[in-house]
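# Got a predicted structure plus its sequence, pasted below:
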Amino acid sequence: MSDSDRRKPGWPEVERRSTSDRRTGGERRHRGDAVHRQEDTVRYNPAERRTDQRRTGQSRRDESLWRDVPVEAGDEPRPGLETALVAAAIDARTRAHASRSGFRVGAALETSGGVVVTGCNVENASYGLALCAERVALVKALSEGHEIFTRIAVVADTEQPTPPCGACRQLLWEYCGDIEVVLANLDGTTASHRLSALLPLPFDDRLLPPPST
């Protein structure tokens, strides 16, 4: 069957490019690099993060240069509540479905009203469909009607702090804003960051065109 036979009635004729007209993968990547090299015009609000707290791209790649960002005024650490939040995340971790990776994670998301919603990671035979504990907790909280959040605790059985992955940071930013992210292992808290430090130049509604009326 020819291409013309396979084409449905009413479909427009499409001129096929010759081999010499087609760009190679290297050419397409080069063009994409030129776009990405354009100077960013969107900057994070400097009032929300002091200059000495900002990290360069190099320092973000070099873990030896990582440092905790101090909690802003008005969000002083609350040892008792923080311990309870971490304990809730540790408990949630016991229900993780991680038979394939063996990497069990628990999360506990605190609402502005003091309600704690927990989540655990849920793996799947199709690895791309695995759900992180942070997203499970967030979706549960949203589905239960919670809209304002203050902190999230993330627990894994690791010596080093285990921060949320990029996808979780994106969703947490969109629905929770610049909340405190408490990282812990089974022995207790290991680090605390503002979400703006973990996602320094976020993509959000500010960059989208206003909805059409």
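Received the coordinates, thanks.
# Now Trp173: closest residue in space, sequence neighbours ignored.
Pro202 (4.9 Å; C-beta to C-beta, 6 or more residues apart in numbering). All C-beta spots, glycine's among them, are computed from the backbone N, C-alpha and C.
# hey, which helix is longest across the protein?
Longest among the helix segments of the chain by residue count, using DSSP state H, is helix 79-93.
# would Ser192 count as being in a strand?
Yes. Read with DSSP: H, G, I helix; E, B strand; the rest coil, Ser192 is one of the residues of a strand.
# ok so, going back, for the next helix or strand after the longest helix of the chain, packing partners?
Using DSSP states H and E, the helix or strand that follows helix 79-93 in sequence is strand 105-111. Contact analysis of strand 105-111 by 3 or more C-beta pairs under 8 Å, 6 or more residues apart in numbering; DSSP states H and E lists helix 79-93, strand 116-120, helix 133-143, strand 149-156 as its packing neighbours.
# Okay, now the unreliable bits of the protein?
Applying pLDDT under 70 to the chain flags the ranges 1-81, 213.
# okay if I get the helices and strands packed on strand 105-111 as JSON lines plus mean neighbour count?
Compiled in JSON lines, those are given as follows (neighbours: other C-beta atoms under 10 Å):
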{"stretch": "helix 79-93", "mean neighbour count": "19"}
{"stretch": "strand 116-120", "mean neighbour count": "23"}
{"stretch": "helix 133-143", "mean neighbour count": "21"}
{"stretch": "strand 149-156", "mean neighbour count": "25"}
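# quick one: which of these is nearest Arg104?
Each of the helices and strands packed on strand 105-111 has some distance to Arg104 by C-beta to C-beta; the shortest is helix 79-93, at 5.2 Å.
# Could you tell me the angle between that closest one and helix 133-143?
100 degrees (axes from the mean of the first three to the mean of the last three C-alpha atoms, to 10 degrees).
# tell me, how many neighbours does the residue lying closest to Asp205 once chain neighbours are set aside end up with?
Spatial nearest neighbour of Asp205, chain neighbours left out: Glu174 (7.7 Å); criterion: C-beta to C-beta, 6+ apart. For Glu174, the count of nearby residues is 13 (other C-beta atoms under 10 Å).
# Helix, strand or coil: sort out Glu174 for me.
Counting by three-state DSSP, the backbone at Glu174 sits in helix.
# And it, how far from Val105?
Counting by C-beta to C-beta, to the nearest Å, the gap from Glu174 to Val105 is 21 Å.
# how about the nearest residue to Asp157, chain neighbours excluded?
Leu186 (5.5 Å).
# Could you report the neighbour count for the spatially closest residue to Val181 that is not a sequence neighbour?
Computed as C-beta to C-beta, 6+ apart, the closest residue to Val181 that is not its neighbour in sequence is His193, at 4.9 Å. With neighbours defined by other C-beta under 10 Å, the count for His193 comes to 22.
# Lovely, talk soon.
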